[in-house]
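Undergrad: using only what follows, build the 3D model:
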Amino acid sequence: MIARHFRLALTAIAATVFATQAAATPLSSQQILHEFNAVVLADMQSQSHVDGRTWVGGKVTGGDYAQHANDMPASTYAGLTVMGNAGEVKVNAGGAVIGGNLSGASINTGSAVIYGDVSNSNLNGAAWVGGSLKGSNTNGGRLPSRDGAMQAKADAAHSTDFAAQLGALSTSLAQMSGTGSSVTFNGYGKATFNAVANANGVAVFNLFDAGVFKASEFEFHLGNATTVILNASDVNATIGANFLGGSAQTLGSKLIWNFQNATSITTNAQFGGTILAPSARLTNNQNIEGGVFVRSLDQHGELHLQAFDGNVDPGPSRVPVPEPGTWALLAAGALMLALTRRRTSSPGV
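TA: Residues are numbered from 1 along each chain as shown. Next comes the predicted model:
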C-alpha cells in the first residue's frame with residue numbers, strides 16, 4: 001500500500017514540477033527596462049519604427065517593430081506583443097502575439113499567435129490563428145495547435161503585471177534621496193547636469209521645480225556614475241533641449257527620466273535615456289535613444305534600442321526567494337524522504 005502511495009506521490013510531484021517550470025516567470029523591473037524598447041500600458045499609434053521589443057496592453061495602429069534583431073537582449077517575449085487589436089503593423093523579428101484581431105499586417109520572421117481574426121495580412125512564419133483567416137497568406141503554415149515556441153511566447157505575454165511593476169518602480173525611484181547631484185544653468189539656456197554617485201554608482205537628481213525642461217541644451221558630467229536617475233515632478237512636460245556632444249546616444253542606456261506625476265510628455269528634439277511615466281501619454285516628435293515605459297504613445301520619431309544597463313535592483317539586502325519550480329523540487333525531496341523513511345521503518349512491507 002505504501003509503495004502504491006509512493007508512486008502516486010511521485011507522479012503528482014512530477015506533474016507539479018512540470019507545471020511550475022512550464023509557467024512563465026514574471027519579469028522584474030530591471031528585466032523590463034533591459035528587455036524592452038517600449039512598454040505601453042494602454043494604446044499606441046505609430047508612424048515610425050521601434051528598433052527593439054514592444055509590449056502593448058491595449059490596441060496598436062501602425063508601426064514597424066523589432067528592426068534590430070541582433071541587438072535585442074534575450075527574452076521569452078515576442079518581438080511585438082499586443083493584448084488588444086493590431087492593424088497596419090510590420091514585425092521584423094521575434095514573431096508576434098496578438099490578443100485580438102490582426103489586420104493589414106506583415107509578420108516577417110518568427111511565429112505568430114493570434115487569438116482573434118486575421119485579415120489582409122502576411123504571416124511568413126508558422127502561425128496559430130484562433131479566429132477566421134481572410135485575404136491573408138500563411139506562408140509558414142497554419143498550425144492546428146500552438147507549438148512549444150508559440151506557447152512560450154503566449155505564456156510570457158500574460159506573465160508580468162507591467163502596470164504594477166512600472167508604477168511601483170516609479171514610486172520607489174521618486175522617493176530616493178538626492179546623492180548631491182546638481183544642475184547648473186547659464187544665461188544662454190544650457191542646463192549642465194553634474195552627477196555625484198553613491199557607493200553603488202547610482203546618481204540621483206531630484207529636479208523638483210528646477211525649470212530644467214525650459215532649457216534649450218543639456219550637458220552631462222557623470223563622473224563615475226553608471227546609473228543616473230532624474231526625478232521630475234512635472235504633470236505636463238514639453239522637452240526640446242539638444243543633448244550636447246552626442247550624449248543622447250552615448251548615455252541613453254544609463255539615464256532614467258522618472259515622471260511619476262506626469263500625464264502628458266512631448267519631446268521635440270532627439271532625446272536620450274529611458275522615459276518612465278506610467279500615467280502619461282507620450283508624443284515623440286523626434287527620435288528617442290532609449291526605452292519608453294508609458295501609459296499611451298503617439299509615436300512620430302524612431303525609438304532606438306539603447307537597452308538599459310544600469311541598476312535599479314534593491315541590492316544585496318534583498319533576500320533571494322526560490323522560484324516556483326525550486327519550491328516544487330524541495331517539496332518533492334522532502335516528501336520522497338518522508339515516504340522512504342516510513343517505508344523502511346514499517347514492518348511487513
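Undergrad: contact partners for Gly94?
TA: Applying C-beta atoms under 8 Å, 6 or more residues apart in numbering to Gly94 gives the contacts Arg53, Ala66, Ala69, Met72, Tyr77, Ala78, Gly79, Leu80, Thr109, Gly110. In this view, the C-beta of every residue, glycine as well, is placed from N, C-alpha and C.
Undergrad: and of those, the nearest to Asn261?
TA: Nearest to Asn261 among the contacts of Gly94: Arg53, at 27.4 Å, using C-beta to C-beta.
Undergrad: could you give the number of residues near that closest one?
TA: 26 (other C-beta atoms under 10 Å).
Undergrad: what's the spacing between the closest residue to Val196 other than its chain neighbours and Phe205?
TA: Leaving aside its sequence neighbours, Val196 sits nearest to Gly180 (C-beta to C-beta, 6 or more residues apart in numbering; 3.9 Å). To Phe205, Gly180 is 10 Å away according to C-beta to C-beta, to the nearest Å.
Undergrad: between the two, which is the more surrounded one?
TA: Phe205 (25 against 13).
Undergrad: low pLDDT regions in this structure?
TA: Counting by pLDDT under 70, the chain has low-confidence residues at 1-23, 313-349.
Undergrad: how is it carved up into domains?
TA: Here the domain parsing of the chain from automatic domain parsing is 2-21+325-345, 26-160, 178-274.
Undergrad: just these: most buried one?
TA: Among the domains of the chain, domain 26-160 has the highest mean neighbour count (mean count of other C-beta atoms under 10 Å), at a mean of 20.
Undergrad: how far does it stretch from start to finish?
TA: 5 Å (C-alpha to C-alpha, to the nearest Å).
Undergrad: please identify the buried residues of the lengthiest strand in the chain?
TA: Criterion DSSP state E: the longest strand present in the chain is strand 274-284. Across strand 274-284, burial judged by 16 or more other C-beta atoms under 10 Å covers Thr274, Ile275, Leu276, Ala277, Pro278, Ser279, Ala280, Arg281, Leu282, Thr283, Asn284.
Undergrad: surely Ala105 meets Asn85?
TA: No. At 10.5 Å, Ala105 does not count as touching Asn85 under the criterion of C-beta atoms under 8 Å.
Undergrad: could you check how far the closest residue to Lys134 other than its chain neighbours is from Ala86?
TA: Leaving out its chain neighbours, the residue that sits closest to Lys134 by C-beta to C-beta, 6+ apart is Ser119, at 4.6 Å. Ser119 is 11 Å from Ala86, where distance means C-beta to C-beta.
Undergrad: which residues do those two both contact?
TA: Common neighbours of Ser119 and Ala86 (C-beta under 8 Å, 6+ apart) are Asn101, Leu102, Ser103.
Undergrad: could I get these in CSV, plus columns for secondary structure?
TA: Compiled in CSV, these are given as follows (DSSP: H, G, I helix; E, B strand; the rest coil):
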residue, secondary structure
Asn101, coil
Leu102, strand
Ser103, strand
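Undergrad: from those, pick the one nearest Ala307.
TA: Nearest to Ala307, judged by C-beta to C-beta, of those is Leu102 at 27.2 Å.
Undergrad: ok, what's across the strand from that closest one?
TA: Residues in a beta bridge with Leu102, per DSSP bridges, are Ala86, Val118.
Undergrad: ok, it touching Glu88?
TA: No. Using C-beta under 8 Å, Leu102 is not in contact with Glu88; the gap is 10.0 Å.
Undergrad: quick one, what contacts the spatially closest residue to Thr226 that is not a sequence neighbour?
TA: In this structure, Thr226 finds its nearest non-sequential neighbour in Gly201, 3.9 Å apart by C-beta to C-beta, 6+ apart. Gly201 is in contact with Asn224, Ala225, Thr226, Thr227, Asn311, counting by C-beta under 8 Å, 6+ apart.
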